[in-house]
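1. Show me the folded form of this:
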Amino acid sequence: MKRHFTVAANVIGAAFILMTPLQASGQAAFVVDHFTSVHAATQSYTFVNFEEHGLSEFRCANIYVFSDEGPIACGGCFVSPNGTRTVPLTDLIRNPIRGVVPKTGVIKVIYSRLSFSFPAIDYCDATHSVPTIGLKTFRQKGAYELELFDTPVSKNELAELNQICADIEDVGGFGQGIITCPPTAELPPARSH
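-> Take a look at the predicted model:
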């Protein structure tokens, strides 16, 4: 009995050590998930802004979609402080840069700060993600929902995703490859100057 307890304690201790550095360091993170068109009608992603460190600010879920190892779409959805934003999978894959809705693929989400542009508007820009913390992502398929766990985002991955989205924006005509988020009544505040 004592041996089983020791093994269990070591496993729990190892899991705590593996999880603590990311959580304690405040490193910006992103999530990765997969999809199939079989579940497209019932699959969605909910982003939750949980106010990390008491900051009261809008954040962005900058989304990058891939199929057959190539990029097909990108865009950003803002999430209000202590708020949620749900985006159906169909919204993420319905307007691919290649013009053909994919059967399978990968979705990457970088948690980012809002971008600022003239005339004093805050918005989400997936070509210039500025990683932050404070969001969580939940995936729902039918009646089942689960939290997607964060992983650190490397500088190389961040630069590549920003460039991929810039390329999609340059090549895409009539909004091809650009993700548009479902409407919401909450808007980021305009800057005062």
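
2. CA atoms for contacts and neighbours, from now on please.
-> Fine.

3. now the helices for the protein?
-> In the chain, the helices defined using DSSP state H lie at 2-25, 89-93, 155-171.

4. weakest of the ones you listed by average pLDDT?
-> Ranked by mean pLDDT, the helices of the chain bottom out at helix 2-25, which scores a mean of 39.

5. For Gly76, give its distance to Ile97.
-> 16 Å (Cα to Cα, to the nearest Å).

6. where in the protein is pLDDT low?
-> 1-28, 52-56, 117-122, 185-193 (pLDDT under 70).

7. switch to 50 and redo it
-> 1-26, 120, 192-193 (pLDDT under 50).

8. Now do stretch 145-158: distance to the chain's middle.
-> 8 Å (Cα atoms, centre = their mean, to the nearest Å).

9. can you dump the C-alpha coordinates of that stretch into PDB?
-> What follows is stretch 145-158, C-alpha atoms only, in PDB (Å, rounded to 0.1, in the frame of the first residue of the first chain):
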ATOM      1  CA  GLU A 145     -17.300  20.300 -24.400                       C
ATOM      2  CA  LEU A 146     -13.700  20.300 -23.300                       C
ATOM      3  CA  GLU A 147     -11.000  22.800 -22.500                       C
ATOM      4  CA  LEU A 148      -8.100  23.000 -24.800                       C
ATOM      5  CA  PHE A 149      -4.900  23.400 -22.900                       C
ATOM      6  CA  ASP A 150      -2.300  26.000 -23.600                       C
ATOM      7  CA  THR A 151       1.200  25.500 -24.900                       C
ATOM      8  CA  PRO A 152       3.900  28.200 -25.100                       C
ATOM      9  CA  VAL A 153       4.300  29.900 -28.400                       C
ATOM     10  CA  SER A 154       7.800  30.200 -29.800                       C
ATOM     11  CA  LYS A 155       9.100  33.400 -31.500                       C
ATOM     12  CA  ASN A 156       9.500  31.400 -34.700                       C
ATOM     13  CA  GLU A 157       6.000  30.000 -34.600                       C
ATOM     14  CA  LEU A 158       4.600  33.500 -33.900                       C
END
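
10. So which bits of that stretch are buried?
-> Asp150, Val153, Leu158 (16 or more other Cα atoms under 10 Å).

11. surely the first one meets Ala29?
-> The reference is to Asp150. Yes. Counting by Cα atoms under 8 Å, Ala29 is a contact partner of Asp150 at 5.6 Å.

12. contacting residues for Ser44?
-> For Ser44, the contact set (Cα atoms under 8 Å, 6 or more residues apart in numbering) comprises Thr86, Val87, Pro88, Leu89, Arg139, Gln140, Lys141.

13. Right, I'll call it a day here.
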